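Asker: A predicted structure for the sequence below; I have some questions about it.
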Amino acid sequence: MDFSDILPFSPEIGYIGLALAGFLGSLIPFVPLPAFFLLATMAVGQQFDIHIMVIIFAICSTCAKQVIFAVSYGGGKMISEKTRKRFKPFERLVKRYGAAAAFVAAATPIPDDFIYVPLGLARYNPLRFFIATLAGKIILSYIIVLTSRSFGLSFVEPLIEDVDDPVTIYIGIAIFAAIMTAVVVLMLRLDWARILGRVAPWTLEPDKNDEN
């Protein structure tokens, strides 16, 4: 199977398609893979400038993550007081390392919304979040485009060479997103005071910036 069979956007669309893919792919929690594939595909050859691709993709994906952060920022009032109380120690843990946590989450292929949602619930500084996330996305984008330009798509082609129907990939992505969403719900239900009490007892202490 060729990458053109699974990409929702064709590389021929160019920078506009990359911007749309970067934003929409990052706006849907936990499923940015198609957008990464498009970025990697466009980086092969000399048709597109890698620096322009990196800036476009990083800015658009960061803006999408800012939307998720903003929804979480204002979503705390929709969560029950009992749930907020259980989750508060984890919020304090993530908030203490807010910028660093956002940067690492953005610069690596981990499911970054595991960090962004708690940061939003903890009402972390939006500007610091944006700057840290943008810096991380720039680094991750450079890694993708430079790797693709140097080695082509041979480093990811084995992942799809045995797939006959692109629907299989879409179903797999949807299942993964559902599982990750379930994990977030589970995180909200865990007793974080008990989990973090011994390893990070300071998370149990009320912070002056805590908001009900």
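Answerer: Perfect, I can see it now.

Asker: Let me see the contact set for residue 122.
Answerer: 91, 92, 94, 95, 98 (Cβ atoms under 8 Å, 6 or more residues apart in numbering). Any C-beta I mention is one placed from the backbone N, CA and C, and that applies to glycine too.

Asker: 6 Å instead, please
Answerer: By Cβ atoms under 6 Å, 6 or more residues apart in numbering, the contact list for residue 122 reads 91, 95.

Asker: so residue 65 sits right up against residue 132, yeah?
Answerer: No. Using Cβ atoms under 6 Å, residue 65 is not in contact with residue 132; the gap is 10.5 Å.

Asker: So between the two, which is more surrounded?
Answerer: With neighbours defined as other Cβ atoms under 10 Å, residue 65 and residue 132 compare such that residue 65 has more, 29 against 24.

Asker: mind checking which helix or strand the more buried one is in?
Answerer: In this structure, residue 65 is located in helix 50-75 according to DSSP states H and E.

Asker: can you give me the helices for the protein?
Answerer: 15-27, 33-43, 50-75, 81-96, 98-107, 113-121, 126-151, 166-189, 192-196 (DSSP state H).

Asker: buried sites along the fifth one?
Answerer: This points to helix 98-107. Neighbour-count burial for helix 98-107, counted by 16 or more other Cβ atoms under 10 Å, picks out 98, 99, 101, 102, 103, 105, 106, 107.

Asker: For residue 73, see how far away the last one is.
Answerer: Put plainly, it is residue 107. To residue 73, residue 107 is 22 Å away according to Cβ to Cβ, to the nearest Å.
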